[in-house]
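>>> Make a model of this:
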Amino acid sequence: TLLMQTLAGIRAPARGEVRVLDRSLRDWPTRELARQVALLPQNIEDPFPASVLETVLLGRHPHISRWKWEGPEDLRIARAALAAVGLANYEQREVFTLSGGERRRTAIAAALAALLLASSAQLSPARAAVVSDLYQAAVPAVDRSEAGLSAAFESALRQVLVKATGRRSAAQDPAFAPLLSNARRYMQQYRAGSGNQIWVAFDGPALERWLAQNGQPSWGKDRPVTLMWVAVADRKGGGSVLTREDSSDLKRSLDQQAASRGIVLLWPSAAEVQRLGVTYDSLVQGPPSALADSGKRLGASGVLMGQAADARLGASIRWVFLFQGRSAEYSGADEGLQRVADTYAGLYAATGTSVPIDLDVTGVANLQTYAAVQTYLESLTQLSRIGVTGFDADTLHLRVVARGGLDPLQRVFAQDGRLQVEPGSGVPRFRAMP
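Take a look at the predicted model:
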């Protein structure tokens with residue numbers, strides 16, 4: 001701590017001097033130094049209420065003249081920093097409501113915002129999205145009696161288990177009977193919804209502990225994003241492409257299917273469809289591989305392409321799923337999204353007992369790469385604890401607690417490609433890829 005404070009200029013060195021960009025720390029005006037050096041403390045206190053976006057914008061103060069407010073460029077940079085740490089949809093969340101890892105990511109985003117000039121902000125969007133309602137569900141309640149509410153809580157928990165485990169069969173699996181019979185115990189809050197619906201929220205960490213203790217898979221809130229390309233035939237021999245702005249029953253049904261499995265969909269806007277030159281004919285007649293790169297350009301991990309016979313509910317759909325250089329074909333109105341969820345869960349859901357592991361990550365040459373590595377590791381359900389034990393040149397030394405041990409973690413790294421194994425003996429080493 002003393003070393004970090006000395007390097008940041010908070011404490012004077014006992015002897016010698018600290019130089020930043022070959023300039024003595026004493027010669028740096030405070031505002032200019034704050035554009036070059038950011039300190040991320042071990043403990044972060046929030047004395048006043050603030051949103052996540054407001055907290056990240058604090059990092060822009062060294063770039064703003066006195067008596068002025070943040071401008072459009074400052075907002076753009078702050079939002080790019082939030083996207084880089086996987087908190088793009090957390091702008092309006094109060095910092096008091098964040099978990100420890102989410103608060104740490106917010107602090108990293110503020111540091112990134114401080115060190116970036118408006119003309120040089122080049123941050124890549126995160127390749128995962130946070131499912132904020134993972135442990136929530138809305139279900140019908142017969143009445144508001146104790147028995148009626150208990151039945152509703154159990155029904156809601158069945159829905160949550162499908163999302164939280166990644167298993168389609170979880171709602172009916174007898175292994176979850178002890179948990180379901182105590183649904184009220186894990187319920188944190190509920191409220192009346194529209195009609196006879198009630199909204200129920202459960203204690204996520206407590207459910208994760210139960211799943212781990214009982215040998216069940218657990219799939220966290222950070223989920224891959226799937227880009228959707230769906231061609232819908234019409235009666236004239238042509239068709240259209242579903243977009244983000246579409247309000248058809250078919251799109252609404254697909255969104256509901258995805259939500260029931262905790263899958264994050266990215267629908268292209270009408271402008272993006274036009275800019276990328278995607279048409280009904282190109283989706284139906286062209287090779288699926290032609291759109292493989294569209295997912296990367298739009299920030300998605302996988303691409304799901306569908307050809308629907310019409311826009312009605314239950315319409316016959318042929319699917320092609322492109323993910324990590326491979327493709328798979330399915331058929332059926334809901335089979336495409338179900339199989340996508342199965343694929344992701346098979347890769348990212350954690351199973352087995354927790355084991356402490358030491359590992360090194362090389363190629364961590366700047367704060368942006370450090371933020372990307374930290375965000376990525378925190379997104380993995382396999383890891384319940386991540387600690388930095390040291391830093392040497394561009395190598396980050398970590399001790400993590402991995403559910404299932406090293407082998408499943410290495411499979412995730414190999415499939416994802418963001419950390420690539422480096423040969424050698426001793427402590428496992430992985431290189432951070434740009």
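>>> What are the phi and psi values at Val95?
Geometry field for Val95 lists phi and psi as phi -60, psi -30, criterion degrees, to the nearest 10.
>>> just checking, it touches Thr55?
Yes. Applying C-beta atoms under 8 Å, one finds Val95 in contact with Thr55, separated by 5.4 Å. The C-beta positions use only the backbone N, C-alpha and C, and glycine is treated the same way.
>>> Neighbour count: the two, which is higher?
Regarding Val95 and Thr55, a neighbour count based on other C-beta atoms under 10 Å identifies Thr55 as having more, with 24 against 20.
>>> check contacts around the more buried one.
Asp46, Val95, Thr106, Ala110 (C-beta atoms under 8 Å, 6 or more residues apart in numbering).
>>> Distance to Met305 added to these, as TSV?
Written out in TSV, the entries for these read as follows (distance: C-beta to C-beta, whole Å):
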residue	distance to Met305
Asp46	44
Val95	40
Thr106	36
Ala110	39
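>>> which outside residues touch stretch 134-151?
Stretch 134-151 is contacted by residues 152, 155-157, 159-160, 163-164, 183-184, 190, 193, 195-204, 207, 220-221, 262 when judged by C-beta under 8 Å, 6+ apart.
>>> joint contacts of Val95 and Thr55?
Shared between the contact lists of Val95 and Thr55 (criterion: C-beta under 8 Å, 6+ apart) are residues Asp46, Thr106.
>>> Tell me which of the contacts of Thr55 fall in helices.
Thr106, Ala110 (DSSP state H).
>>> List only buried entries from the contacts of Thr55.
Among those, those scoring as buried are Val95, Thr106, Ala110 (criterion: 16 or more other C-beta atoms under 10 Å).
>>> Now pLDDT and distance to Trp67 too, for those residues, in TSV please.
Shown next, in TSV, are these (pLDDT from 0 to 100; distance: C-beta to C-beta, whole Å):
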residue	pLDDT	distance to Trp67
Val95	86	26
Thr106	90	26
Ala110	90	22
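>>> Just give me the closest of the residues you listed to Arg235.
Ranking these by separation from Arg235, with C-beta to C-beta as the measure, puts Thr106 on top at 51.2 Å.
>>> any idea how far Ala371 is from that closest one?
To Ala371, Thr106 is 11 Å away according to C-beta to C-beta, to the nearest Å.
>>> Show me whatever sits in contact with both of the two.
Taking C-beta under 8 Å, 6+ apart as the criterion, Thr106 and Ala371 both touch Val85.
>>> that older thread, nearest to Arg60, out of the buried ones among the contacts of Thr55: which one, please.
Using C-beta to C-beta, Ala110 comes nearest to Arg60 of these, at 8.7 Å.
>>> got the contact list for Gly302?
Pro224, Val225, Thr226, Leu227, Gly295, Phe321, Leu322, Phe323, Gln324, Val340, Thr343, Tyr344.
>>> Just these: which are in strands?
Secondary structure assignment by DSSP state E places Pro224, Val225, Thr226, Leu227, Phe321, Leu322, Phe323 of the contacts of Gly302 in strands.
>>> Near the fifth one, how many other residues are there?
Translated: Phe321. Around Phe321 there are 21 residues (other C-beta under 10 Å).
>>> Return the per-residue confidence for it.
Phe321 is assigned 96 on the pLDDT scale.
>>> Which residues are in contact with the closest residue to it other than its chain neighbours?
If the residues on either side of it in the chain are set aside, Phe321 comes closest to Ala328, at 4.8 Å by C-beta to C-beta, 6 or more residues apart in numbering. Residues in contact with Ala328 (C-beta under 8 Å, 6+ apart) are Val320, Phe321, Arg339, Thr343.
>>> Any buried residues in the helix or strand that contains Ala328, and which?
According to DSSP states H and E, Ala328 maps onto strand 326-331. Neighbour counts over strand 326-331 (16+ other C-beta under 10 Å) mark Tyr330 as buried.
>>> And that strand, how far out from the chain middle?
24 Å (C-alpha atoms, centre = their mean, to the nearest Å).
>>> and the residue lying closest to Gln338 once chain neighbours are set aside, what does it touch?
Of all residues not flanking Gln338 in the chain, Arg168 sits nearest, at 6.5 Å (C-beta to C-beta, 6+ apart). Listed by C-beta under 8 Å, 6+ apart, the contact set of Arg168 reads Val162, Arg261, Gln338, Ala341, Asp342.
>>> In a strand, Tyr191, correct?
Tyr isn't right for residue 191; it's Arg. Yes. With DSSP: H, G, I helix; E, B strand; the rest coil as the criterion, Arg191 is located in a strand.
>>> List the contacts of it.
With contacts defined as C-beta under 8 Å, 6+ apart, the neighbours of Arg191 are Ile198, Trp199.
>>> Distance of it relative to Leu211?
From Arg191 to Leu211 the distance is 26 Å (C-beta to C-beta).
>>> before we move on, what about Val284?
Taking C-beta to C-beta as the criterion, Val284 is separated from Leu211 by 42 Å.
>>> And for Leu115?
The value you get for Leu115 to Leu211, if C-beta to C-beta is used, is 39 Å.
>>> With neighbour numbers in mind, choose between those two.
Using other C-beta under 10 Å as the criterion, Leu115 and Leu211 rank with Leu211 on top: 24 against 20.
>>> For that one, which non-adjacent residue is spatially closest?
Take Leu211 and drop its neighbours on the chain: the residue closest to it by C-beta to C-beta, 6+ apart is Ser218, 4.4 Å away.
>>> Go ahead and confirm that neighbour touches Ala350.
Yes. Counting by C-beta under 8 Å, Ser218 sits close enough to Ala350 to count as a contact (5.2 Å).
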